[in-house]
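Q: Below is the structure, and that's it, no one-letter string:
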């Protein structure tokens with residue numbers, strides 16, 4: 001069967017809606033929404049690709065999001081793969097693999113150096129070199145249990161206003177810069193104004209003597225009783241006292257919202273400030289792969305150490321990444337240059353996990369994602385890729 005892969009155009013909008021309606025279980029038929037569908041050009045920062053059969057029928061599509069994610073204190077150009085849909089009649093034929101391989105090359109051409117996604121079918125993406133490095137986690141706690149947390153003196157709490165947008169933005173960016181994987185919330189994909197955000201969420205700012213130390217965005221569900229919840233979308237704190245102060249405020253809702261759900265990039269850190277256990281409400285995994293390995297290594301930040309390790313990269317999907325390379329780390333930067341002995345053999349999945357800080361070399365060896373080398377090379381790789389565990393707050 002002859003298939004054509006090309007960018008979607010405005011004339012494909014109706015076909016795309018119908019394909020996604022079937023794939024994602026939407027109930028409204030095309031006839032009810034066709035007049036209101038937005039043009040492809042209206043989706044700034046989204047590159048939509050489609051697969052067409054010999055009759056010109058759209059049989060698969062997906063989006064390449066132009067996003068940035070923070071690794072090692074630097075913003076890394078990223079292709080966020082989203083909305084992958086395949087017509088039922090074409091599933092199992094390799095259409096999705098063909099589309100995703102094409103999109104990786106196109107993402108590299110536009111300057112993306114890594115790719116991330118939130119999988120519904122992890123096996124498909126593992127075959128193509130992505131691997132899970134983290135998860136978006138929502139934790140549940142009985143709200144009255146937070147009443148034992150006491151606000152710390154020395155900070156003030158007030159509602160966020162529209163004028164506070166630069167302050168909120170900088171607090172988030174400082175938090176994201178100190179982690180691995182958190183999204184940069186600027187550009188066309190994050191075009192909502194603070195006024196629009198405040199229409200949906202209440203936001204609370206914590207300030208100390210030297211400025212803002214954290215904020216939370218949250219809302220109450222309707223009503224009272226056992227089903228009522230306090231939903232915390234963002235809990236972004238730079239100090240322990242900011243965290244404690246916000247948790248104490250959440251506890252004040254215990255009589256009307258029995259349950260609090262908090263979205264967290266790194267759930268374990270919240271436990272340090274709580275006298276109670278958390279219950280996992282939901283977990284959404286996210287995966288990563290390197291699109292352009294040398295550029296990805298250069299783009300992120302690195303620890304202040306000196307290390308040289310010879311790698312043999314195995315990557316059949318992105319062959320431009322494959323072959324012997326020498327990783328050299330020095331002075332907070334690193335390069336990956338062709339050459340070397342290929343002492344340590346690592347595939348695209350293992351390299352993705354190392355890059356994201358998702359696991360040690362020992363864990364990679366247990367799953368045959370890395371082999372060759374010895375204790376010395378393992379220690380160098382673990383030290384070079386050491387850093388915060390990967391976290392993410394923004395589903396896509």
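A: Cool, got the structure. In this text, all values refer to a predicted model and were calculated from it rather than measured experimentally.
Q: per-residue pLDDT, residue 36?
A: At residue 36, the model reports a pLDDT of 87.
Q: which ones are touching it?
A: For residue 36, no contacting residues are found, by C-beta atoms under 8 Å, 6 or more residues apart in numbering. For glycine as for every other residue, the C-beta is placed from the backbone atoms N, C-alpha and C.
Q: List phi and psi for it.
A: Taking degrees, to the nearest 10, you get phi -110, psi 0 for the backbone angles of residue 36.
Q: Please determine how far it is located from residue 182.
A: From residue 36 across to residue 182, the span is 33 Å (C-beta to C-beta, to the nearest Å).
Q: now swap in residue 71 and tell me
A: 9 Å.
Q: Over to residue 331?
A: 24 Å.
Q: of the two, who's got more company?
A: Using other C-beta atoms under 10 Å as the criterion, residue 331 and residue 182 rank with residue 182 on top: 26 against 10.
Q: Tell me where the model's unsure across this structure.
A: Scanning the chain for pLDDT under 70 picks out the ranges 273.
Q: go again using 80 as the cut-off
A: 267-276 (pLDDT under 80).
Q: Quick check: can you list the domain ranges of it?
A: Per automatic domain parsing, the structural domains of the chain span 4-129, 137-285, 292-384.
Q: Save the ones you listed as a markdown table, and put in distance to residue 392 too.
A: Below are the domains of the chain laid out as a markdown table (distance: least, C-beta to C-beta, whole Å):
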| stretch | distance to residue 392 |
| --- | --- |
| domain 4-129 | 8 |
| domain 137-285 | 5 |
| domain 292-384 | 10 |
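Q: quick one: the closest residue in space to residue 247 that isn't next to it in sequence and residue 263, what's the gap?
A: Nearest residue to residue 247, sequence neighbours excluded (C-beta to C-beta, 6 or more residues apart in numbering): residue 149, at 4.6 Å. Residue 149 is 18 Å from residue 263, where distance means C-beta to C-beta.
Q: likewise residue 35?
A: With the distance defined as C-beta to C-beta, residue 35 ends up 35 Å from residue 263.
Q: Between these two, which has more neighbouring residues?
A: More neighbours surround residue 263 than the other of residue 35 and residue 263, with 22 against 6 (other C-beta under 10 Å).
Q: where's that one, which helix or strand?
A: strand 259-264 (DSSP states H and E).
Q: That strand packs against which elements?
A: Here strand 259-264 touches strand 131-142, strand 229-237, going by 3 or more C-beta pairs under 8 Å, 6 or more residues apart in numbering; DSSP states H and E.
Q: And whichever strand or helix holds residue 103, what does it pack against?
A: Using DSSP H and E, the element containing residue 103 is helix 95-110. With contacts taken as 3+ C-beta pairs under 8 Å, 6+ apart, helix 95-110 sits against strand 4-7, strand 46-52, strand 58-71, strand 74-86, helix 122-127.
Q: Please list the outside residues in contact with it.
A: So helix 95-110 is in contact with 3, 5, 47, 49-51, 59-62, 64, 66, 79, 81, 84, 86, 115, 124-125, 127-128, 291-292, 317-318, 320, going by C-beta under 8 Å, 6+ apart.
Q: Now, of these, which are buried?
A: The neighbour count (16 or more other C-beta atoms under 10 Å) marks 3, 5, 47, 49-51, 59-62, 64, 66, 79, 81, 84, 86, 115, 125, 128, 291-292, 317-318 as buried among the contacts of helix 95-110.
Q: where do the strands sit along the stretch 251-396 of the chain?
A: Ranges of strands within the stretch 251-396 of the chain are 259-264, 279-290, 307-314, 323-330, 333-338, 344-347, 370-372, based on DSSP state E, counting those that start in this stretch.
Q: Partner strands of the fourth one, with direction?
A: If I follow you right, that is strand 323-330. Using DSSP bridges, the strands paired with strand 323-330 in its sheet are strand 307-314 (antiparallel), strand 333-338 (antiparallel).
Q: likewise the shortest one?
A: Taking DSSP bridges as the criterion, strand 370-372 sits next to strand 344-347 (antiparallel) in its sheet.
Q: Tell me the secondary structure at residue 157.
A: Look at residue 157: counting by DSSP: H, G, I helix; E, B strand; the rest coil, its state is strand.
Q: if we can go back for a sec, closest to residue 394 out of the domains of the chain?
A: Nearest to residue 394, of all those, is domain 137-285, at 4.5 Å by C-beta to C-beta.
Q: Next up, the contacts around residue 33.
A: Residue 33 makes contacts with residue 17, as judged by C-beta under 8 Å, 6+ apart.
Q: Kindly check the end-to-end length of stretch 196-209 for me.
A: When the termini of stretch 196-209 are compared using C-alpha to C-alpha, to the nearest Å, they are 29 Å apart.
Q: Pull out the buried residues from it.
A: Judged by neighbour count (16+ other C-beta under 10 Å), stretch 196-209 contains these buried residues: 197-198, 201, 203-208.
Q: Could you do stretch 11-26 as well?
A: Using 16+ other C-beta under 10 Å as the test for burial, stretch 11-26 gives 12-13, 15-19, 21, 23.
Q: Which of these fall in helices?
A: Under the assignment DSSP state H, these contribute 13, 15-19, 21, 23 to helices.
Q: Find the nearest non-adjacent residue to residue 53, please.
A: Closest residue in space to residue 53, ignoring its immediate chain neighbours: residue 59 at 5.4 Å, by C-beta to C-beta, 6+ apart.
Q: isn't that neighbour right up against residue 23?
A: No: Residue 59 lies out of contact with residue 23 (C-beta atoms under 8 Å); the separation is 10.9 Å.
Q: which neighbours do these two share?
A: With contacts taken as C-beta under 8 Å, 6+ apart, residue 59 and residue 23 have 86-87 as neighbours in common.
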